[in-house]
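Colleague: output the structure for:
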Amino acid sequence: MNNIRRVAEFLFAPVQVVILIFFNFIFSISPKLNYTFVIGVDEIANITRDLSSVFHKDSLSVNFFTNKFYKNNRYDYSIPIESKYLSYVVKLFYGPYLLAKLSNKANVFIYLWHTGFCVDREMDYKFLKYKNKKIISIFLGSDIRSHKLTIDFHNKNMLDTASNYLLQDENQLENERRVVKVARDADKYSDLIFNYTKDQMSYLKSPQLVMPYMYQLDKMHCNKNKFKNIDIIKIVHAPSNPVGKGTPLVRATIKKLTIEGYRIEYLELINTQNKNVLNALQEAHILLNEFYAFIPGVLSIEGMANYCATITSAEYNNFPRGAEHAWLKTRYWEIYDNLKYLLDNPEKIIYYADNGYEYVKNHYTEERVKSFYMDVFYENKIID
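Modeller: Numbering: from 1, shown residues only. Take a look at the predicted model:
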């Protein structure tokens, strides 16, 4: 399938150039710069939606593919088709048309993930630079992560990694070639790059900033009533990638603690819509997130925002002050010990639920995040 797709993209790229040039001429006859930001073009972990809410009326959001976990989200421009393949065909024509249109509506393009309006994002980059637009590239995970560099780092530090469980087949070799090109293009054309350099080891050479997490204040849920009765501790684990998040180790931990007599209600949510995960977190006492990463991840922020004691492998440095009290840092070999510690000391469950909730409220809600971005954008002359 990948070979067919590459051939189709190669053949269709010249057609997209024609579409782009034609509609750029049409829209540039009477240009109207009504917005500052265009944000897209894929939805990953609700970040497109959340970032567009941060800039609110000054931004336009774009999402070309329906994410099965976030079906209820709404965007300014989208392709509301369930079939990924049909959406892709529509995007071949709609993508360059929309890029031409939006390039006459906004001055700053914020790219999330590695995709673009055109089949090759370098085409986007070249076109926008021709029009003197500012480009911000934000990377979120496997869009930029090199499995080779990740494995090399972990081997040097005698650490296990999810990358060790991925077969080094042709797909992995193709992925390595892809992330090399994604990094090269971002370095060449981006005015700013956001990336978690340790968790998302890449071939990027430019300076990289740390993207703040986001959570809408009006969606935070502080259900303290769930701690009035903790005879049975409710635990949620909702991995997007079970092997990559450490699910086999979590299952082993839950099994051992159950045998030892701990009263646990364990809920494992895989391939579950985000709204159902959030509903489960509102009733849970503890969230077990991922255990190979160096950053909290979106799910950890959701757990803290819904008043759960959050256990994850994220380090505390490179995050705002107070992180060491917001979640219980737990590497893959510490899951059993640290979960047992919370079960033996239920007051600590409330401690992390309290501190985690306040941490998200103080650092990652819209007003705080917008202030961070605006300071960075002014400092780097992205906006005047």
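Colleague: tell me where the stretch 201-350 of the chain has helices.
Modeller: 242-245, 247-259, 274-283, 297-305, 323-326, 335-344, 346-363 (DSSP state H, counting those that start in this stretch).
Colleague: got the buried residues for the fifth one?
Modeller: Residues of helix 323-326 classed as buried: A323, A326 (neighbour count, 16 or more other C-beta atoms under 10 Å). Bear in mind the C-beta positions are built from the backbone N, C-alpha and C, glycine included.
Colleague: which of the helices of the stretch 201-350 of the chain is buried the deepest?
Modeller: Stretch with highest mean neighbour count among the helices of the stretch 201-350 of the chain: helix 297-305 (a mean of 26; mean count of other C-beta atoms under 10 Å).
Colleague: what angle separates that helix from helix 346-363?
Modeller: 110 degrees (axes from the mean of the first three to the mean of the last three C-alpha atoms, to 10 degrees).
Colleague: and helix 297-305, what other elements does it pack with?
Modeller: If contacts are counted by 3 or more C-beta pairs under 8 Å, 6 or more residues apart in numbering; DSSP states H and E, helix 297-305 sits against helix 274-283, strand 286-288, strand 309-312, helix 346-363.
Colleague: need the next SSE after the last one, C-terminal direction.
Modeller: When you say that, I think you mean helix 346-363. Sequence-wise, the next helix or strand downstream of helix 346-363 (DSSP states H and E) is helix 366-379.
Colleague: quick one: that next one to chain centroid distance?
Modeller: How far helix 366-379 lies from its chain's middle: 19 Å, per C-alpha atoms, centre = their mean, to the nearest Å.
Colleague: how much does it deviate in direction from helix 346-363?
Modeller: Orientation check (the same axes, to 10 degrees): helix 366-379 against helix 346-363 gives 50 degrees.
Colleague: what comes up buried for helix 366-379?
Modeller: The neighbour-count check on helix 366-379 (16+ other C-beta under 10 Å) flags E366, R368, V369, K370, F372, Y373, F377 as buried.
Colleague: one step back: can I get the helices of the stretch 201-350 of the chain in JSON lines with mean pLDDT?
Modeller: Listed next are those as JSON lines, based on pLDDT from 0 to 100:
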{"stretch": "helix 242-245", "mean pLDDT": "92"}
{"stretch": "helix 247-259", "mean pLDDT": "98"}
{"stretch": "helix 274-283", "mean pLDDT": "96"}
{"stretch": "helix 297-305", "mean pLDDT": "97"}
{"stretch": "helix 323-326", "mean pLDDT": "98"}
{"stretch": "helix 335-344", "mean pLDDT": "98"}
{"stretch": "helix 346-363", "mean pLDDT": "98"}
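Colleague: can you tell which of those helices is closest to N72?
Modeller: Among the helices of the stretch 201-350 of the chain, the nearest to N72 by C-beta to C-beta is helix 274-283 (6.7 Å).
Colleague: what packs against that closest one?
Modeller: Helices and strands touching helix 274-283, by 3+ C-beta pairs under 8 Å, 6+ apart, are strand 233-237, helix 297-305.
Colleague: let me know the average pLDDT across the shortest one.
Modeller: Here strand 233-237 scores 98 as its mean pLDDT.
Colleague: all strands for the stretch 101-250 of the chain, in order.
Modeller: With strands called from DSSP state E, counting those that start in this stretch, the stretch 101-250 of the chain shows them at 108-112, 134-138, 192-194, 233-237.
Colleague: contact partners for P242?
Modeller: Residues counted as contacts of P242 (C-beta atoms under 8 Å, 6 or more residues apart in numbering) are P248, I270.
Colleague: how about 7 Å then?
Modeller: Contact analysis of P242 by C-beta atoms under 7 Å, 6 or more residues apart in numbering lists I270.
Colleague: many thanks, we can stop here.
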